[in-house]
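Asks: take a look and give me a structure for this.
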Amino acid sequence: FPTELMVRVLLIQQLFNLSDEQMEFQLLDRLSFQRFVGLRSSSQIPDRTTIRTFKERLLKAGASESIFDAVNRQLSRHGYIARGGQMVDASIVQAPKQSMSKEEKALVGEGAMPIDWKPAKRRQKDMDARWTK
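Replies: Below is the predicted model:
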């Protein structure tokens, strides 16, 4: 793999604090990562071993810090700052149906809240929803 491509891989890996295995997966999964790195198709993605080997070679040559310093200087020159991000896995889960008694519905319909509701229950209720009486 070309050096520029591998440096871009390491840049993303560092910014998102990803392991070699996670980096391989994210390159397979995210088109935005593939485009940034410069890959044309998902069949050309460097695997975890290739990523680890490239990092080890950079460290052995003492070049890893100077490369990232150069990247940061270029970003700064163009008015950008590299900041770390966080990968979040969004999962869809089924939530239990909300149920209220007739008295509770009547109170909520009037814009009030039942006294016996604890703070946690109050936060969970959608007070702006249309409740049928």
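Asks: please state the backbone phi and psi of Pro46?
Replies: phi -70, psi 140 (degrees, to the nearest 10).
Asks: Leu59 too?
Replies: phi -60, psi -40.
Asks: next, count neighbours for it.
Replies: 11 (other Cβ atoms under 10 Å). Using the backbone N, CA and C atoms, a C-beta is placed for each residue, glycine as well.
Asks: with Phe54 instead?
Replies: Phe54: 20 neighbours (other Cβ under 10 Å).
Asks: cool, the one 10 residues further on as well?
Replies: The burial count assigned to Ser64 is 18, neighbours taken as other Cβ under 10 Å.
Asks: what do you get for Leu5?
Replies: Residues near Leu5, counting by other Cβ under 10 Å: 15.
Asks: Met113 now?
Replies: Met113 has 14 nearby residues by other Cβ under 10 Å.
Asks: measure it to Lys125 for me?
Replies: 8 Å (Cβ to Cβ, to the nearest Å).
Asks: could you do Glu21 as well?
Replies: From Glu21 to Lys125 the distance is 42 Å (Cβ to Cβ).
Asks: tell me which of those two has more neighbours.
Replies: Shown here are Glu21 and Lys125; by other Cβ under 10 Å, Lys125 has more neighbours (16 against 12).
Asks: quick one: pLDDT of the more buried one?
Replies: pLDDT recorded at Lys125 is 75.
Asks: can you offset everything so residue one is 28?
Replies: Sure, I'll start numbering at 28, so the last one becomes Lys152.
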